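Asker: Need a 3D model of the following:
(2 chains)
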Amino acid sequence: MRFVDEYRDPDLARALSAQIAALTEPGRHYKFMEVCGGHTHAIYRYGVHDLLPENIELVHGPGCPVCVIPMGRVDDGIAIAEQPGVILTCFGDMMRVPGGRGSFLEANARGTDIRMVYSPLDALRIARENPDRQVVFYAIGFETTAPSTALTVLRAEQEGVENFSVMCSHVTIIPAIKAILDSPDLRLDAFIGPGHVSTVIGCRPYEFIAREHGKPVVCAGFEPLDVLQSVHMIMKQLAEGRSEVENQYGRVVRWDGNELALQALSRVFELRPFFEWRGLGSIPQSALRFTPAYARFDAEQRYALPGVRVADPKACQCGEVLKGVLKPWECKVFGTACTPETPIGTCMVSSEGACAAYYNFGQYSRERLDLQVL
Amino acid sequence: MSAGRVDDGAADLTACSTDGECITCGDVAVPLTVVSVAGSDARCRDKDGREESVALEFVGPVDVGDRVLVHAGVAIELLPAAPAEFAEPAEPAEPVSEV
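Answerer: Numbering: from 1, shown residues only, chains lettered A, B, ... in the order given. Below is the predicted model:
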C-alpha cells in the first residue's frame, strides 16, 4: 500500500528495535508516556511494545478526547438535547460515553434527537437544513479538532446562521502534561509527543518540558515505525545526556504549527479559568470557552444547564489509567464488568482509549503478564 | 450503527460510528489529494478513491493534485508533494478500450 508499507516494514522495525536495545543501560528502567490516544492505539494494534526491551515501559497518557470528559458534562449535553426543538450533534464515540443519566444513545431511546456527525461543518449544514430547529454541536477534542469548531463558528457568523450553537468542551494538551509532571504518582523519563495536535500548535509549546523538567519530548507520527523511531530518538537523547524537543513527524508537523488555525482558535475561543478532567480533576486554563465576541454561539449561555459534578462509579479506575499509574488490565473491572460493549469508564469507549485499545489488541500481552505473575 | 457524510454518492470516507473507530475522536488525520476546488472548499480523494468535501481556510490556496492532511472535514496542513513513484493520480485513469 502506498505511503503506508514504508512505515510498517518488519526489517526496518527489527533494525530499529536492535538499535534501541543497544542504547539501554543494564539495570535501568525507562518509562515513557505516549500522550496521545492515537499512539496508544498504534502501540497495541501493531504490538510495538513487544519490539521493545523489557526495561522500556510505555505508559498511556490523557490524550483521548472522549476519555477525559467528566460524567457531568455528558449530563449537560443530555439536558440541552431534552429542550424542545433541539437537535444535538456530536462525534460518534461520544454517543456511548456514560454520564450520570446514561449515554446519548440511551437518551435517544427516551426521545431526544442526538445525531452523529463527522465534522462540525456537518452540524452547521443540519442547522441550515432545519431553520425551525436549534442545532447544537457538542464539541470535544484537543487542538487538532478545536480549529474545525472555530472555523465552523466563523462560517456560521459569515452566513448569518442563528439557530446554531456549540457546547464547548475542547481541552488543551499542555496543561494536562503539566498536571502529570506535577503528579507525585508517576516518574517519567520522557514523552512521545502528540502528532496531529502538534500539527496545529507546533513543537515549541513542549520546550518547557525539556528545559524545566529535563525530559526529552519527541513529536511522533502514528505508524509503528514512527513510534519505534521516536523511542530510538528518546533513547539517543538519554544516552547522550540531552533533553530536547525533537520532531520525528517532520513530514506533517512544522516547528511553529499552523498559524492560520491558531489565529482562528484565538479569535473564537479563550482559555477557561478551570476545567474538570476525568481522572485528573480540575486543571487551570486547560480548556476553551467562547470569547465575548462569539458568546452568542455558546450553548452554555443559551440553555440552563445542570452543571452538576458527578462522581465516577466506584469500581471505575479510569483516573489512574489516564494518569498512567495503572495499566488497563490492572483495573478491577477491566474485561469483566467493563467491556467495549458495556463500558463503565470512558477509557473503554473510544478505540483510542487505553482500555479499549488494550482489550481489542492486547490479550496476548495480558496473558503473558498473567503467566509471569503465576 | 454508523453515520457519516456521503457526498454526492461517493463512497463513505467519513464514517463515524458508535461500534467502530471514530476517526475524529481518535485524533486521526488522513492525507487526501485535491481533485477540484470551489471557493473555500475542495473535493478531496483518498488512496482508495473515496471523496469528501474539505474546508481549506487553514492551508491557503491549493491546486488540483496537492495533498492535504484532513481532520474533521478541515485541512489542517498542506503536505509535501509525494515522490513521483508514489504520486496519486488526481483523476482516475481513463479505461483503456480493447481493440
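Asker: Report the secondary structure state of residue A:38.
Answerer: Three-state call for residue A:38 (DSSP: H, G, I helix; E, B strand; the rest coil): helix.
Asker: Look up how far residue A:319 lies from it.
Answerer: Residue A:38 sits 21 Å away from residue A:319 when distances are taken as CB to CB, to the nearest Å. Glycine gets a C-beta too; all of them are placed from N, C-alpha and C.
Asker: Then residue A:150?
Answerer: From residue A:150 to residue A:319 the distance is 30 Å (CB to CB).
Asker: for residue A:48, same thing?
Answerer: In this structure, residue A:48 and residue A:319 are 25 Å apart, going by CB to CB.
Asker: same check, this time on residue A:274
Answerer: With CB to CB as the criterion, residue A:274 and residue A:319 are 17 Å apart.
Asker: and the two? which has more neighbours close in?
Answerer: For the pair residue A:274 and residue A:319, the greater number of neighbours falls to residue A:319 (18 against 12), based on other CB atoms under 10 Å in any protein chain shown.
Asker: Just confirm that one contacts residue A:311, I think it does.
Answerer: No. Applying CB atoms under 8 Å as the test, residue A:319 and residue A:311 come out as separate, 10.8 Å apart.
Asker: can you give me the strands in chain B?
Answerer: Listed in chain order, the strands of chain B (DSSP state E) span B:2-3, B:16-17, B:30-38, B:41-45, B:51-55, B:67-71, B:74-79.
Asker: Leaving out sequence neighbours, find the closest residue to the residue in chain B that chain A sits nearest to.
Answerer: Residue nearest to chain A within chain B (CB to the nearest CB): residue B:73, separated by 3.1 Å. Leaving aside its chain neighbours, residue B:73 sits nearest to residue A:119 (3.1 Å; criterion: CB to CB, 6 or more residues apart in numbering or on different chains).
Asker: list the contacts for the nearest residue to residue B:80 once chain neighbours are set aside?
Answerer: Distances taken as CB to CB, 6+ apart put residue A:251 closest to residue B:80, at 6.7 Å, once the chain neighbours are dropped. For residue A:251, the contacting residues are A:221, B:79-80, by CB atoms under 8 Å, 6 or more residues apart in numbering or on different chains.
Asker: who touches residue 73 in this structure?
Answerer: This is for chain A. Residue A:73 makes contacts with A:99, A:169, A:276, as judged by CB under 8 Å, 6+ apart.
Asker: Oops, wrong one, chain B.
Answerer: Going by CB under 8 Å, 6+ apart, residue B:73 touches A:118-122, A:148, B:5, B:14, B:52-55.
Asker: for residue A:148, same thing?
Answerer: Going by CB under 8 Å, 6+ apart, residue A:148 touches A:119-121, B:55, B:71-74.
Asker: give me that answer again for 10 Å
Answerer: Contacts for residue A:148 (CB atoms under 10 Å, 6 or more residues apart in numbering or on different chains) come out as A:119-121, A:139, A:141, A:261, A:264, B:24, B:55, B:57-58, B:70-76.
Asker: same deal with residue A:29?
Answerer: Here residue A:29 is in contact with A:54-57, A:187, A:189 (CB under 10 Å, 6+ apart).
Asker: Likewise for residue A:292?
Answerer: Applying CB under 10 Å, 6+ apart to residue A:292 gives the contacts A:270, A:298.
Asker: With residue A:318 instead?
Answerer: Residue A:318 is in contact with A:67-68, A:278-279, A:312, A:326, A:328, A:331, A:338, A:343-349, A:353-355, counting by CB under 10 Å, 6+ apart.
Asker: Which residue, neighbours along the chain excluded, lies closest to it?
Answerer: residue A:345 (3.7 Å).
Asker: residue ranges with poor pLDDT in the stretch 101-250 of chain A?
Answerer: Within the stretch 101-250 of chain A, no range satisfies pLDDT under 70.
Asker: so how far is residue A:341 from whichever residue of the stretch 101-250 of chain A sits closest to chain B?
Answerer: Nearest to chain B in the stretch 101-250 of chain A, going by CB to the nearest CB, is residue A:119, at a distance of 3.1 Å. Distance, residue A:119 to residue A:341, by CB to CB: 27 Å.
Asker: do residue A:70 as well
Answerer: Here the criterion is CB to CB. By it, residue A:70 lies 22 Å from residue A:341.
Asker: The two: who's more crowded?
Answerer: Remark: of residue A:70 and residue A:341, residue A:70 carries more neighbours, 25 against 8, as counted by other CB under 10 Å.
Asker: what sits against residue A:350?
Answerer: Residues near residue A:350 by CB under 10 Å, 6+ apart: A:37, A:41, A:64-67, A:91-94, A:96-97, A:340, A:343, A:356-357, B:21-22, B:25-27.
Asker: Likewise for residue A:245?
Answerer: A:191, A:193, A:198, A:202-211, A:216-219, A:237, A:255.
Asker: ok, 6 Å please
Answerer: Contacts for residue A:245 (CB atoms under 6 Å, 6 or more residues apart in numbering or on different chains) come out as A:203, A:206-207, A:210, A:217.
Asker: Point out the residues in chain A that sit beside chain B.
Answerer: Within reach of chain B by CB under 6 Å from any CB of the partner chain, chain A has these residues: A:2, A:36, A:38, A:65-66, A:91-93, A:95-96, A:116, A:118-119, A:121-122, A:144-145, A:148, A:151, A:196, A:199, A:252, A:258, A:260-261, A:350-352.
Asker: Wait, residue A:253 touches residue A:200, no?
Answerer: No. With contact defined as CB atoms under 6 Å, residue A:253 does not count as touching residue A:200 (9.3 Å).
Asker: before we move on, back to that, pretty sure the residue nearest to residue A:318 is touching residue A:316, no?
Answerer: Yes. Using CB under 6 Å, residue A:345 is in contact with residue A:316, at 4.1 Å.
Asker: Who has more neighbours out of these two?
Answerer: residue A:345 (29 against 26).
Asker: What pLDDT is listed against the closest residue to residue A:38 other than its chain neighbours?
Answerer: Spatial nearest neighbour of residue A:38, chain neighbours left out: residue B:27 (4.7 Å); criterion: CB to CB, 6+ apart. Note for residue B:27: predicted pLDDT of 70.
Asker: now residue A:289
Answerer: Note for residue A:289: predicted pLDDT of 97.
Asker: which residues sit in contact with residue A:49?
Answerer: Residues near residue A:49 by CB under 6 Å, 6+ apart: A:43, A:58.
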